[in-house]
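Chemist: No sequence on hand, only this structure:
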């Protein structure tokens, strides 16, 4: 249904917003920014953990010909991701596996998890970060992007749990960082996106209204009202409640990423960004090897 309501999208998450930006532009900017946070450069192998909403491998400008492996538990998502890769002519660089993240046993230079951590559950936080550590190359970088709460750990919303995200859990940053600390990974950067997802949800609500008749024909009035309630209520939780989005950058080594954040705000299609620390820049350049990136969403 989401694909019908928003036809060219397999993946959307909160991004950096301008007042006049469209949801398509925002989606593209968010994908680019995640690549910048993960410092994805040429010839890298990436593991992308693909979550419930789709796959972010597909984009107009693939990053530096990185080799990407996407994993998902959804048969439909797996099929659609493969179809889109073939349609866009990137199937030689993007492969998709129908697999549990705990089954992966190979080394990746970059690991990106978007929209998946909310479905892991607090009891499995340790397993999740141990899996990242196990599959991350020695000088690799990982990014975990997740909806979170700005308050201590709590429970689940019964309505959302029953109708929208069964067994989903919104993590607190405190319990997330505790699990990371136990894994032995370095936290090399944290960013909190406060109102960004509120704007994403507003765009989704408006687009749904434009296609409401088609959704009604596909399902029924009850479904449409539930979907409207979900989008509106969640927007308010991000705008006035306790929800936010966090993205945590992780590494095995403390100097795996630059000393400053300059590289986050460059154009990733122009090659390696300007890094303020020239000595570290030279070291990374000298160590450039064919890389592998993976993503879990």
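Modeler: Arrived safely. What you are looking at is a predicted structure, and each value in this text was computed from that prediction instead of being measured.

Chemist: Pull the number of nearby residues for residue 105.
Modeler: Residue 105 has 8 neighbours, counted by other Cβ atoms under 10 Å. Placement of C-beta: from N, CA and C, glycine included.

Chemist: next one: residue 158
Modeler: Per other Cβ under 10 Å, the neighbour tally for residue 158 reads 8.

Chemist: Equivalent analysis for residue 182, please.
Modeler: Neighbourhood size, residue 182 [other Cβ under 10 Å]: 12.

Chemist: Quick one: list the elements packing against the helix or strand containing it.
Modeler: Remark: residue 182 resides in helix 173-183, with elements defined by DSSP states H and E. Contact analysis of helix 173-183 by 3 or more Cβ pairs under 8 Å, 6 or more residues apart in numbering; DSSP states H and E lists helix 125-135, strand 136-149, strand 186-193, strand 243-251 as its packing neighbours.

Chemist: Residue 217: which of those is closest?
Modeler: Closest of those to residue 217 is strand 136-149, at 30.7 Å (criterion: Cβ to Cβ).

Chemist: buried sites along the closest one?
Modeler: Across strand 136-149, burial judged by 16 or more other Cβ atoms under 10 Å covers 136-137, 139-149.

Chemist: any idea which of those residues is closest to residue 105?
Modeler: For the buried residues of strand 136-149, the nearest to residue 105 is residue 136 (12.3 Å; Cβ to Cβ).

Chemist: For residue 110, see how far away residue 153 is.
Modeler: 29 Å (Cβ to Cβ, to the nearest Å).

Chemist: Find the least confident helix or strand in the protein, judged by mean pLDDT.
Modeler: Here the helix or strand of the chain ranked lowest by mean pLDDT, DSSP states H and E is helix 278-286, holding a mean of 44.

Chemist: Flag the shaky bits of this protein, pLDDT-wise.
Modeler: 1-65, 266-297 (pLDDT under 70).

Chemist: Now for the nearest residue to residue 177 once chain neighbours are set aside: which residues touch it?
Modeler: Leaving aside its chain neighbours, residue 177 sits nearest to residue 187 (6.8 Å; criterion: Cβ to Cβ, 6 or more residues apart in numbering). The contact partners of residue 187, by Cβ atoms under 8 Å, 6 or more residues apart in numbering, come to 177, 180, 248, 249, 250.

Chemist: do the same with residue 156
Modeler: Contacts of residue 156 (Cβ under 8 Å, 6+ apart): 168, 169, 170.
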